[in-house]
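[1] just a sequence and a predicted model for now, questions to come.
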Amino acid sequence: MDVRIAQPAEQAAVLDTLTLAFATDPVTRYWWPGASDYLRWWPQVLLAQGERGFEAGSVHVTPDYEGAAMWLPPGVTADPARMAALDMPGTADDERIAGKLREAMEQHHPATPHWYLWTLGVDPRRQGRGLGSVLLRHALARIDADGAEAYLEASNPALVPFYERHGFEVAGLIEVEDVPRLTPMRRRARAGGSPPAS
């Protein structure tokens with residue numbers, strides 16, 4: 001199956017797929033348990049954190065947008081001002097917990113240059129057919145060709161074995177108050193891959 005780089009003009013289609021894909025994600029729905037709030041805010045957070053991936057050519061899609069992955073390559077990070085500008089509703093306690101979660105996540109990010117998988121998801125009607133693996137292998141071929149490290153946070157414990165099959169290793173646990181736990185995972189640099197065609 002072909003995987004290609006998504007262009008900035010395709011942002012809406014990519015966000016639609018990832019919004020469907022994360023509709024039952026434990027961590028995502030912790031912040032927006034109501035359907036209306038989830039549908040309003042999650043796509044905006046996706047873009048705020050992953051927009052620079054479009055600019056870097058590191059957002060990948062399968063045909064018909066059945067699956068998508070948003071990577072941030074070495075040297076590319078999310079713009080904190082974009083996230084702050086969202087002005088999402090919430091209590092002072094929500095902000096306190098969110099701050100603690102951000103700090104915990106930052107502590108696990110590798111200090112060395114790495115590819116960060118911000119999010120990967122497949123339309124629920126196509127899940128279980130290997131599309132996630134296709135997307136992951138596509139990016140990892142380039143990452144391996146560069147001899148680079150990869151990193152992610154699995155937001156659902158059920159996904160940990162999936163990422164382990166692709167060479168990621170559990171690097172700890174992120175547990176902040178009553179937020180569902182995140183599992184930071186690292187894939188050490190290796191050689192021997194070849195860059196995929198764009």
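    Yep, that arrived. If you're wondering where the values come from, they're calculated on a predicted model, not measured in any experiment.

[2] quick check: buried residues in the longest helix along the chain?
    Across the chain, the longest stretch assigned as helix under DSSP state H is helix 35-56. Buried positions in helix 35-56, judged by neighbour count with 16 or more other C-beta atoms under 10 Å: 38, 41-43, 45-54. Bear in mind the C-beta positions are built from the backbone N, C-alpha and C, glycine included.

[3] contacting residues around that helix?
    With C-beta atoms under 8 Å, 6 or more residues apart in numbering as the test, helix 35-56 has contacts from 6-8, 11, 15-16, 18-19, 22-23, 28-29, 31-32, 59, 70-73, 76-79, 82-83, 85-86, 88-89, 118-119.

[4] so what's the gap between that helix and the chain middle?
    11 Å (C-alpha atoms, centre = their mean, to the nearest Å).

[5] what's the following helix or strand after it?
    Scanning forward in sequence from helix 35-56 by DSSP states H and E, the next helix or strand is strand 59-61.

[6] what lines up beside that following strand in the sheet?
    Take DSSP bridges as the rule and strand 59-61 pairs in its sheet with strand 4-5 (antiparallel), strand 67-72 (antiparallel).

[7] quick revisit: next, the angle strand 67-72 makes with the longest helix of the chain.
    Angle of helix 35-56 versus strand 67-72, following axes from the mean of the first three to the mean of the last three C-alpha atoms, to 10 degrees, is 60 degrees.

[8] and helix 35-56, average pLDDT?
    Averaged over helix 35-56, pLDDT sits at 95.

[9] with stretch 62-75 instead?
    Here the average pLDDT along stretch 62-75 is 96.

[10] pull out the buried residues from it.
    Quick answer for stretch 62-75 (16+ other C-beta under 10 Å): 62, 65, 66, 67, 68, 69, 70, 71, 72, 73, 74.

[11] give me the most central residue, the protein.
    residue 119 (1.6 Å; C-alpha atoms, centre = their mean).

[12] tell me if I'm right that it and residue 70 touch.
    Yes - at 5.0 Å, residue 119 counts as touching residue 70 under the criterion of C-beta atoms under 8 Å.
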